[in-house]
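Participant: I'll drop the sequence and a predicted model, then ask my questions.
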Amino acid sequence: VVSVSVVSALVGLLCGTAGSSAPYSKAFARHLAKEEEPDGEEGEEEEEDPTLESTSVYAIILFLIVVTIMFEKTKDAVEERSTKDMLPIIESLFGEMTILGFLSVITFICTKVGILEMLSISIFGEGEEEKEKLTEIFETVHYCLFAIMIFFVVQVIILVRLGTESEAQWLALDRACQDPATLAKMLDGEHGGRISPPPFTLGLGLSQKTKKLHALHDQRIFHALRQEFILDRDVMYPFKPEEEENRVKKDFNYGRYLSMCMGETLAEVVEVSVPTWACMGALASVFYIIMLIVEDDTRILAWFMLGCGWFVTGFNFIFEKKLIQIRDSFVPVKFLMDHGHHSLGGVVDKGERQSLTMDENLPAWCSIDPDKYGLSKRSKTGKYWLGPAPNRQQLLFWAQQFGPDFHILLFRITLLFNGLYTALMAVTFVPGAYKEFGQVEFITFVVLAVIPLYLQITGKRRLVGTLTHIGCIGCLRRNEMIGNVIREGKTSSAVRAFIVLHKIHMATQSAKQVNSPKGIPATPSTPKRHYKETLPDHVLQDISKTFDLFDDDGSGDITTGELESLMESLGSPQDPHQLSVMIALLDANGDGDISKEEFIQWYSEQLEKNELNPDELAKSMFSMFDSDGSGSITIEEFKEALDAFDVGLSLDDVTELVKELDEDRNGHIDEHEFAHLLHRHSHPPPELSTLANMY
C-alpha cells in the first residue's frame, strides 16, 4: 500500500517538473515563498522559486520510503513472533492490504483526470468551492475506508496473539489428557466433579474465581471432545465409532490439530470475500436511508451509530452462546450431566433431550431427528439449489450445511463493522458531538461509545477458539490436517532421538579425554538427584517414548547390538571399544545394557546442563544427516537418516517435510533450515511449561 503511495508521489514529481498546475503543490510553494506583507500595504509578490515544488515532492518520497521500510520491519516482527500456524493469517492479511493500494490508485486517477471536478460542477454548481466539493467528499470517504482497514488489521494482529495463546493452552491440555494424574486433577480437582457453567459475559466483570471456573469448564470439554474425536462416530444411526484399527491413536496430538485448524480458520476470516463486501454495501444503504429520514441530523446519527455498536456487541453475546452450545452438543450427555453442565436447551428441544436418557453415552447431536425438520429427504429441485439434506450434526448450525462458512462470514462482518464503527466515531461523530453536545452529554456519549468496542476486542479469545473447534470435528474433521499432525509427531520423535544420540556421542568424545576406567569420567563428588525429583510426569512420558525408539526389540533394555545396528544404519559404524564407552556412559549398574531407568536418569542430568542453542546444535549435528558432505541434506539423505529409528515416515511424508523447511525452494535443507527443524522439535516442548502453570 505504501509502495503505491510512493509510485503516486513519483508520478506527481514528474507532473510537477513538467509544469503541472496541481493546486495543492503550487499553493504550498506559494506559502513557502511568500513574505509577510506590511500592515495596510499591498506588498509585491516575489517570484516563485521553481525548485520548491520539486524539493517538496522529493522530501515526501523519502518520507514514504522510510514509512515503507518501517512497514516491512513491522511485518517481519509480527511474523517472527507468530507461530508457524499463524503465518497463513499474516499472509492473508497483507494480501488483503492490496485493496487499499488499489483504492489509492483509483483515487489518484479520479482526482487527476478531472472526472470528479466535472461531476461536482454538474451536481453542486460552478462556484469555486462547489468545483472541489465532490473531490473533498471522495477523498474523505477514501480515508475512512483506509481507517476501517487499518483497524481491521489491528484486530487481526490481536487475533494472532490470542490464537498463539490458545495454541499453547491446547497443546498443554492435550498433554494433560494423556497423563492420568493430571487428568484426575482436571476432572476432580479442587472444585469437585461438578461445576456450574460460567455465564456468557464477553469478558465483562469476571472475577478471578469465575475466570478459573470458566477455564476449568473449557478444559473438561476439551477432554471429552478429544475422546469423541478419537472414536470418530458415524453420523448415521446407530452412531457406531470407527473400527479401532482405522482410528487415530490414543496419543494423537489433538491440541496440535486444533492449532493447525485455527491457522486456516483465521486465514479465512481475514480474507474479505465478495459476500462480505456486499453485506457492508447493504449496511451502507441502510445507513443512507436513515440519513435521508433524519435529514443529516448529526445528533440523531451519532446516537444511532452508538446503538449499532451496542447491537453488534449483543449479537456477539448471542453468537458466542450459540457456538458454545454447538460445541457442547458433541460431548456425551453423561459427561455433561456428571460435571454439572446443562446447555443443551438452545440446540436440542425438550422431547429430544428426554430421549437422551436411552443412551447417555452418546453426544447430544445423536438425538436430533431430521424428520422433525422435514429434511430427511429433499426433492431434486431442493438438491439442485440447496444440496443434499443436512445430517444431524449440520442441523446444529445456523444455515445448516452452510453453517461453518456462514459463521465465519458473520465473524468477519463483525470485525469489519468494528473498523467502520471506530472510523466513523473518530472522524465524524465524536468531533461533531464535541461541537453540538453539552459537556455531560458528550462525556456520556464517548464512554458509551468506547465500551462496546472494548467488550468486543477483549471477548474474542473464547469465541475464536470455539469457532475453530466446531469447524474441525465430527463430519467437518480435516483429514489432511490429521495426516500433517501424525507426520509432524513422527518427525519430532525421530529428531529428538537424534538429539539424544548426539548427546551420547559428544559425552563419549569428552570421556575419551578423561583418564578413568574404560574412558568413563569419574563419578562426581556431589550426589545425583533422582529423575523423579527433577522431572514432571509429562517430561518423563516424552523421554520414555524416545527410549522406545532405541529399544528395537522392546525388551526394556538398549543392548550393545541394538546400538551398533543403529550407528551402522546412520552411516557411522563404531568399533567395539567405542560402543562399550557409549554403553558404559549410561550403564549405571554395569550389567552391559542400558535400562529405561538408567536412560531417563542420564537424560535428566543432561537437561540440567547448559544446552547449545539450535544454531550451534545444528552445526554440530548436521553431518549426521549430510552423509555425502555436500553441505546440504537431500530428501533421500533425510529419509535414510529418519528411517534409522523406524518412525514410519513415507517418502511422501519426508518430501512434504522438506518442502516446509526449504525456505529458498532449492529442494535441499541447508544448515540454517536444519536449525529451524531442531528448534521446532526441541526437548522439552514449550507446552510443558504452560501445563506446569495450569496444574
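Facilitator: Cool, got the structure.

Participant: For the stretch 51-200 of the chain, give me the ranges with low pLDDT.
Facilitator: For the stretch 51-200 of the chain, the stretches with pLDDT under 70 are 78-100, 189-200.

Participant: Do I have it right that residue 676 meets residue 661?
Facilitator: Yes: the criterion here is CB atoms under 8 Å, and residue 676 meets it with residue 661 at 6.2 Å. The C-beta positions use only the backbone N, C-alpha and C, and glycine is treated the same way.

Participant: neighbour count winner among these two?
Facilitator: Taking other CB atoms under 10 Å, residue 676 and residue 661 do not tie; residue 661 has more neighbours (20 against 17).

Participant: Quickly note the distance from the spatially closest residue to that one that is not a sequence neighbour to residue 156.
Facilitator: Nearest non-adjacent residue to residue 661, counting by CB to CB, 6 or more residues apart in numbering: residue 673, 4.7 Å away. From residue 673 over to residue 156 the distance is 28 Å, taken as CB to CB, to the nearest Å.

Participant: Tell me the helices and strands packed up against the helix or strand residue 103 falls within.
Facilitator: Using DSSP states H and E, residue 103 sits within helix 98-113. If you count contacts as 3 or more CB pairs under 8 Å, 6 or more residues apart in numbering; DSSP states H and E, helix 98-113 packs onto helix 2-17, helix 128-177.

Participant: Please work out which of the ones you listed is packed deepest.
Facilitator: The highest average neighbour count among the helices and strands packed on helix 98-113, using mean count of other CB atoms under 10 Å, belongs to helix 128-177 at a mean of 18.

Participant: Could you give the separation of the following helix or strand past it from the chain centroid?
Facilitator: Downstream of helix 128-177, the first helix or strand assigned by DSSP H and E is helix 180-187. Centroid separation between helix 180-187 and its chain, computed with CA atoms, centre = their mean, to the nearest Å, is 28 Å.

Participant: same question, stretch 128-146
Facilitator: Chain-centre distance of stretch 128-146: 38 Å, with CA atoms, centre = their mean.

Participant: Residue 494 is in contact with residue 677, correct?
Facilitator: No: look at residue 677 against residue 494 with CB under 8 Å: they stay out of range, at 10.4 Å.

Participant: got CSV for the helices and strands packed on helix 98-113, with distance to residue 461 too?
Facilitator: Below are these laid out as CSV (distance: least, CB to CB, whole Å):
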stretch, distance to residue 461
helix 2-17, 31
helix 128-177, 4
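
Participant: Next up, the contacts around the residue nearest to residue 661.
Facilitator: Residue 673 sits next to 661-663 when contact means CB atoms under 8 Å, 6 or more residues apart in numbering.

Participant: Likewise for residue 335?
Facilitator: Shown in contact with residue 335 (CB under 8 Å, 6+ apart): 220, 224.

Participant: same thing but at 10 Å, please
Facilitator: Counting by CB atoms under 10 Å, 6 or more residues apart in numbering, residue 335 touches 187, 220-221, 223-225, 227-228, 328, 341, 360-361, 363.

Participant: For residue 398, which non-adjacent residue is closest in space?
Facilitator: Using CB to CB, 6+ apart and skipping the chain neighbours, the partner closest in space to residue 398 is residue 406 (5.9 Å).

Participant: err, residue 441, not the other one
Facilitator: residue 433 (7.7 Å).

Participant: Next step: the contacts of residue 673 restricted to helices.
Facilitator: Using DSSP state H, the subset of those located in helices is residue 661.

Participant: Now render the contacts of residue 673 as JSON lines, adding distance to residue 625.
Facilitator: JSON lines is the format used below for those (distance: CB to CB, whole Å):
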{"residue": "661", "distance to residue 625": "12"}
{"residue": "662", "distance to residue 625": "14"}
{"residue": "663", "distance to residue 625": "17"}
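
Participant: low-confidence ranges in the stretch 501-650 of the chain?
Facilitator: Counting by pLDDT under 70, the ranges of the stretch 501-650 of the chain that qualify are 509-528, 533-538, 570-572, 607-616, 645-647.

Participant: Do a quick rundown of the strands in it.
Facilitator: For the stretch 501-650 of the chain, the strands defined by DSSP state E, counting those that start in this stretch cover 557-558, 594-595.

Participant: right, and residue 266 touches residue 159 too?
Facilitator: Yes: with contact defined as CB atoms under 10 Å, residue 266 counts as touching residue 159 (5.8 Å).

Participant: Nearest to residue 586, out of the strands of the stretch 501-650 of the chain?
Facilitator: Among the strands of the stretch 501-650 of the chain, the nearest to residue 586 by CB to CB is strand 594-595 (4.6 Å).

Participant: ok, that closest one: who's next to it in the sheet?
Facilitator: Strand 594-595 pairs in its sheet with strand 557-558 (antiparallel), by DSSP bridges.

Participant: How about residues contacting the partner strand?
Facilitator: By CB under 10 Å, 6+ apart, the residues outside strand 557-558 that reach it are 547, 549-552, 566, 582-583, 586-587, 591-596, 598-599.

Participant: where's residue 54 relative to residue 111, distance?
Facilitator: Residue 54 sits at a distance of 20 Å from residue 111 (criterion: CB to CB).

Participant: Who has more neighbours out of these two?
Facilitator: Higher neighbour count among residue 54 and residue 111: residue 111, with 17 against 14, using other CB under 10 Å.

Participant: ok, and the closest non-adjacent residue to the more buried one?
Facilitator: Spatially, and ignoring its direct neighbours in sequence, residue 111 is nearest to residue 135 (5.8 Å; CB to CB, 6+ apart).

Participant: Please look at the one you found and residue 120 and confirm they touch.
Facilitator: Yes: at 6.6 Å, residue 135 counts as touching residue 120 under the criterion of CB under 10 Å.

Participant: so what sits against both of these two?
Facilitator: Shared contacts of residue 135 and residue 120 (CB under 10 Å, 6+ apart): residue 114.

Participant: What residues of stretch 406-415 count as buried?
Facilitator: Neighbour-count burial for stretch 406-415, counted by 16 or more other CB atoms under 10 Å, picks out 407-415.

Participant: In helices only, show me those.
Facilitator: The members of the buried residues of stretch 406-415 that map onto helices under DSSP H are 407-415.

Participant: mind putting these in CSV, pLDDT and distance to residue 625 included?
Facilitator: Formatted as CSV, those follow (pLDDT from 0 to 100; distance: CB to CB, whole Å):
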residue, pLDDT, distance to residue 625
407, 92, 44
408, 90, 41
409, 90, 46
410, 91, 48
411, 90, 43
412, 88, 43
413, 88, 49
414, 89, 48
415, 87, 44
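
Participant: Which of those residues sits closest to residue 71?
Facilitator: For these, the nearest to residue 71 is residue 415 (21.0 Å; CB to CB).

Participant: thought that closest one was touching residue 456?
Facilitator: Yes: here residue 415 reaches residue 456: they are 8.8 Å apart, a contact under CB under 10 Å.

Participant: any residues in contact with both of those two?
Facilitator: residue 155.

Participant: Contacts only, for residue 218.
Facilitator: Per CB under 10 Å, 6+ apart, neighbours of residue 218: 169, 173, 197-198, 324, 327, 462, 465-466, 469.
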